[in-house]
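Engineer: Predicted model and sequence follow; I will ask about them next.
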Amino acid sequence: MKLPKLLLALLATAASAFAGVAEDNAKLPDYSTFQNLLKSKKEVTWVITGDSITHGAKHTNGSRSYPEHFNERVRWEMGRKNDVFINTGVSGEITDGLLKAFDFRVARFKPDFVSINLGMNDCGKLTPDKYRANLIELVKRVRALGAVPVLQVPNTVKAGDGRGPKLPPFCAVVREVAAQEKVLLVDHRADWEKASGSESAPTKWLNDAIHPNGVGQAEMAKTMFRDLGLFDPKSPTCRLGDK
C-alpha cells in the first residue's frame, strides 16, 4: 500500500521540476480564459495544428500522437465528452502555409482554443525574422476569432541532424513572441533538453532524427499538461511511459 503513495509523491516532485513555464502561463489573462473553457457548461472546440509532428503521421508506429493524448485528457479524464478536438497538422508545413490555409484549417471550425506547433520545417526555409512576423500574425488571427492561442516550442533533434544548429534561434523566437504577445506557451525543447542533459534529443523518444515516436509523443503530451496546468499524477495520461 505504501508503494503507490511513494510513486505519486515522486511523480508530483518530477512535475514541480518543470514548473517554470506553467508558473509564467498562470500569470497571463489567457490562462484564466483557458481554465474557464475547461469549466464551461458549453461545448468547446479545440483546434491543434502544426506540421508532421502534430499530424502524428507514420512515426508514431500506431501509437497515439500528442493531440490524441490531449483529447483523452480533456474529453475523457476531465469529463468534457461533448467537446470537439480537430487536428489539422500537415506534414512538411511551415508558418507561411498555415497563414495561406488559415481559414480552411482553423477559422472555419470557430475554435475556442488554437494550438500552433511549427518551426521544425521553418528553420530550413525562412529567416527568424520572417518566422517571428508569421507567428505574430497567426496569434493576431487566432485572437480575432475570439479563441485562446497557444504557441509550442518544437522538440530537440538527434545529434548530427542538419536542423540541429538551425533550430535553436527559431525556438527562441517562439518564446519571445509568446512573452511579447502574452500567449500561453508549451516548451517541448526545454523539457527534452532536461531529459537528455544536452541540446540533443533523447534517442529513445525519436523514430528518426526529428520525429517523435510513440514515447516521444507521450512526453509531448505530458509537457502540454504541465505547462497548461492540466497535470495530475493520478491521471493515466499524465503517467504515460512512467514505471
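Structural biologist: On my side now, so go ahead.

Engineer: which residues are in contact with the longest helix along the chain?
Structural biologist: When secondary structure is assigned using DSSP state H, the longest helix within the chain turns out to be helix 128-144. Around helix 128-144, the neighbours that count as contacts under CB atoms under 8 Å, 6 or more residues apart in numbering are 95-96, 98-99, 102, 106-107, 111, 114, 116, 118-119, 122-123, 126, 148-149, 151, 169-170, 172-174, 176-177, 180-181, 183. All C-beta atoms are positioned from the backbone trio N, CA, C, and that covers glycine.

Engineer: Tell me the buried residues within those residues.
Structural biologist: For those, a burial check counting by 16 or more other CB atoms under 10 Å picks out 95-96, 98, 102, 106-107, 111, 114, 116, 118-119, 122-123, 126, 148-149, 151, 170, 173-174, 177, 181, 183.

Engineer: before we move on, the earlier item: and the contacts of helix 128-144, which of them are in strands?
Structural biologist: Assigned to strands by DSSP state E, the following of the contacts of helix 128-144 qualify: 114, 116, 148-149, 151.

Engineer: Okay, buried residues for the longest helix of the chain please.
Structural biologist: Of the residues in helix 128-144, 128, 131-135, 138-139, 141-142 count as buried by neighbour count, 16+ other CB under 10 Å.

Engineer: Just give me the closest of the residues you listed to residue 210.
Structural biologist: Nearest to residue 210 among those, counting by CB to CB, is residue 131 at 17.0 Å.

Engineer: and the nearest residue to residue 163 once chain neighbours are set aside, what is it in contact with?
Structural biologist: On the basis of CB to CB, 6 or more residues apart in numbering, the spatially nearest residue to residue 163 that is not a chain neighbour turns out to be residue 157, at 5.4 Å. By CB under 8 Å, 6+ apart, the contact set of residue 157 is 120, 163-164, 167, 200-201, 206, 209-210.

Engineer: Show the model's pLDDT score for residue 164.
Structural biologist: If you check residue 164, the pLDDT there is 86.

Engineer: go on, residue 202?
Structural biologist: 77.

Engineer: can I assume it is in contact with residue 191?
Structural biologist: No: under the criterion of CB atoms under 8 Å, residue 202 makes no contact with residue 191, lying 10.0 Å away.

Engineer: Nearest residue to residue 195 in space, please, no chain neighbours.
Structural biologist: Closest residue in space to residue 195, ignoring its immediate chain neighbours: residue 202 at 5.1 Å, by CB to CB, 6+ apart.

Engineer: Provide a list of residues in contact with the one you found.
Structural biologist: Shown in contact with residue 202 (CB under 8 Å, 6+ apart): 192, 195-196, 216.

Engineer: Narrow those to just the buried residues.
Structural biologist: In those, burial by neighbour count holds for 192, 196, 216, counting by 16+ other CB under 10 Å.

Engineer: residues contacting the second one?
Structural biologist: Meaning residue 196. If a contact means CB under 8 Å, 6+ apart, then residue 196 has 156, 202 as its contacts.

Engineer: likewise the first one?
Structural biologist: Contacts for residue 192 were tallied using CB under 8 Å, 6+ apart; they are 155-156, 201-202, 205, 219.

Engineer: okay, among the contacts of residue 202, which ones form the most distant pair?
Structural biologist: Taking CB to CB, the two most distant members of those are 196 and 216; they sit 11.5 Å apart.

Engineer: Pull the number of nearby residues for residue 67.
Structural biologist: 28 (other CB atoms under 10 Å).

Engineer: Redo the buried ones among the contacts of residue 202 as JSON lines? Include pLDDT and secondary structure.
Structural biologist: Output for these, formatted as JSON lines (pLDDT from 0 to 100; DSSP: H, G, I helix; E, B strand; the rest coil):
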{"residue": "192", "pLDDT": "91", "secondary structure": "helix"}
{"residue": "196", "pLDDT": "82", "secondary structure": "helix"}
{"residue": "216", "pLDDT": "94", "secondary structure": "helix"}
